[in-house]
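Peer 1: Here is my input; please provide its structure:
(chains A, B, C and D)
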2 protein chains.
Amino acid sequence: MRSQRPYHHGDLRRALITAALEVIAAEGPNAVSLRELARRVGVSHAAPAHHFGDRAGLLTAVAVDGYRLLVDELDRATDLRDLGGRYVSFALTHPAHFQVMFRPELLDRDTPALVAARAETRERLERGIAARQPDDPRLGGLAAWSLAHGLATLLLTGNLPTLEGGDPAELFRTVCTHPLFHPEPER
Amino acid sequence: MRSQRPYHHGDLRRALITAALEVIAAEGPNAVSLRELARRVGVSHAAPAHHFGDRAGLLTAVAVDGYRLLVDELDRATDLRDLGGRYVSFALTHPAHFQVMFRPELLDRDTPALVAARAETRERLERGIAARQPDDPRLGGLAAWSLAHGLATLLLTGNLPTLEGGDPAELFRTVCTHPLFHPEPER
DNA sequence: AGCGCATCTTGTCGTTGACAAGATCTGGTG
DNA sequence: CACCAGATCTTGTCAACGACAAGATGCGCT
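Peer 2: This is a model prediction of the structure:
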């Protein structure tokens, strides 16, 4: 048991990311303040700068964390629709991560770790698509990703009040097979 | 010609919104500062507060402005796919508006003008859907809106580097009819 | 002529991000 | 064991910001 407050925190980096996720979940990424995170964790106001450089550096670390979790989730998918369902489900179960991941102006977009994590995610998505659309994986990936991402975003931003509550992954599967997208809808 | 700087600006409200749109387009909504907008327009640092209350009030006004433009655009649509195409196209031609419109934590979500503008937009989308899916307009609307919104968002956030450059409305139409969404994809 | 109110200004406070310089601890080398 | 190098954290400071308060200005209406 540490007497009071040891000079070295132990795992300050991880603690700050966790605190940031709490703030983001409660009040959004804009409410994240390095000084308040430092206060929560019990260190001085300038301690975070050592680990992350600046605010963008911290949020970039959060985004990388999120991409890793998403990759783990996508790796469990059994087929393409399950892939989309897991994508939407991830967004709703990890809203704090998801929000930061797709807000480029908050991030250091060229950080190697972020570039790598994003590439890994895209690889998972394209692999899932290619298994079913070997001739045109790029366009198919765009279509599936757009639908999943749009559904997730609209749910997260509270633009679909009447439809909340159900299982998001199942909702995606339903939407995915909707006849609206058929080439000959009138039969 | 006004001598130097008349005490009353004339149309400060509009001027501030315009300045805000410039800043958002250049550096994103987080870079918007009431004081810098005041500086650009040539008024004192507290002048904006009179028109918008606070920062959220100003961004809410921007969002309302955007919803009105979007409604005007959607009203020109000839059919459902054109509707989606115009939606995606609007997002890419008015990125500043679009970003603010779907970032609820930046806005005063209960402002009557915003609620009304959002309802009007939703009405346009659902009307377009209902014309083709009279039995289940809600789910069809969700599907089409998700696809359009997801495509727009991914394009805006720079997650689709290899596909940029083409006409976004046409891209939507292509994606919309992709066989990926067919109930029996293997035929 | 003059009153009321919207509009705009000046002044101020607490908070923040960023930077600089110094204190403290840890791990490894001699 | 002595000790050093670097990683980790602290204290101090600055400019910018949002918000608020109080006062100045000018427009429109009576």
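
Peer 1: if I pick A:Phe102, what's in contact with it?
Peer 2: By CB atoms under 8 Å, 6 or more residues apart in numbering or on different chains, the contact set of A:Phe102 is A:His149, A:Thr153, B:Thr153, B:Thr157, B:Asn159. Heads up, the C-betas are built off the backbone N, CA and C, glycines and all.

Peer 1: And A:Arg55, by the same measure?
Peer 2: A:Val32, A:Leu34.

Peer 1: still on that earlier bit, would you check which pair of the contacts of A:Phe102 lies furthest apart?
Peer 2: The span of the contacts of A:Phe102, defined through CB to CB, is set by A:Thr153 and B:Asn159 at 12.0 Å.

Peer 1: between these two, which one's more packed in?
Peer 2: For the pair A:Thr153 and B:Asn159, the greater number of neighbours falls to A:Thr153 (22 against 17), based on other CB atoms under 10 Å in any protein chain shown.

Peer 1: Which secondary structure state is assigned to that one?
Peer 2: Of the three states, A:Thr153 takes helix under DSSP: H, G, I helix; E, B strand; the rest coil.

Peer 1: excluding its backbone neighbours, what's nearest it?
Peer 2: B:Thr153 (5.6 Å; CB to CB, 6 or more residues apart in numbering or on different chains).

Peer 1: Tell me how far that neighbour lies from DNA strand C.
Peer 2: Going from B:Thr153 to DNA strand C by CB to the nearest atom of the strand, to the nearest Å gives 25 Å.

Peer 1: that older thread, now the contacts of A:Phe102 as JSON lines including pLDDT?
Peer 2: Shown next, in JSON lines, are these (pLDDT from 0 to 100):
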{"residue": "A:His149", "pLDDT": "89"}
{"residue": "A:Thr153", "pLDDT": "89"}
{"residue": "B:Thr153", "pLDDT": "89"}
{"residue": "B:Thr157", "pLDDT": "83"}
{"residue": "B:Asn159", "pLDDT": "75"}
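
Peer 1: How about the contacts made by the residue nearest in space to the middle of chain A?
Peer 2: By CA atoms, centre = their mean, chain A has its centre lying nearest to A:Phe98, at 2.6 Å. Neighbouring residues of A:Phe98 by CB under 8 Å, 6+ apart: A:Gly66, A:Phe90, A:Ala91, A:Ala152, A:Leu156.

Peer 1: Most neighbours among those residues, which one?
Peer 2: That'd be A:Ala152 among the contacts of A:Phe98, by other CB under 10 Å, with 26 neighbours.

Peer 1: now the helices: where do they sit in chain A?
Peer 2: Ranges of helices within chain A are A:12-27, A:34-41, A:47-52, A:55-74, A:80-93, A:95-101, A:112-130, A:137-156, A:168-176, based on DSSP state H.

Peer 1: Of the ones you listed, which is nearest B:Ala26?
Peer 2: For the helices of chain A, proximity to B:Ala26 was assessed by CB to CB; helix A:55-74 is nearest, at 16.8 Å.

Peer 1: Alpha carbons of that closest one, as PDB, please.
Peer 2: Written as PDB, here are the backbone C-alpha positions of helix A:55-74 (Å, rounded to 0.1, in the frame of the first residue of the first chain):
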ATOM      1  CA  ARG A  55      -4.400  16.800 -26.200                       C
ATOM      2  CA  ALA A  56      -4.500  15.400 -29.800                       C
ATOM      3  CA  GLY A  57      -1.800  12.900 -28.700                       C
ATOM      4  CA  LEU A  58      -4.000  11.600 -25.900                       C
ATOM      5  CA  LEU A  59      -7.100  11.300 -28.100                       C
ATOM      6  CA  THR A  60      -5.000   9.500 -30.700                       C
ATOM      7  CA  ALA A  61      -4.100   7.000 -28.100                       C
ATOM      8  CA  VAL A  62      -7.700   6.500 -27.300                       C
ATOM      9  CA  ALA A  63      -8.500   6.000 -31.000                       C
ATOM     10  CA  VAL A  64      -5.700   3.400 -31.400                       C
ATOM     11  CA  ASP A  65      -7.100   1.600 -28.400                       C
ATOM     12  CA  GLY A  66     -10.500   1.600 -30.000                       C
ATOM     13  CA  TYR A  67      -9.300   0.300 -33.300                       C
ATOM     14  CA  ARG A  68      -7.600  -2.600 -31.500                       C
ATOM     15  CA  LEU A  69     -10.800  -3.500 -29.800                       C
ATOM     16  CA  LEU A  70     -12.700  -3.300 -33.000                       C
ATOM     17  CA  VAL A  71     -10.300  -5.600 -34.800                       C
ATOM     18  CA  ASP A  72     -10.700  -8.100 -32.000                       C
ATOM     19  CA  GLU A  73     -14.500  -7.900 -32.400                       C
ATOM     20  CA  LEU A  74     -14.400  -8.200 -36.200                       C
END
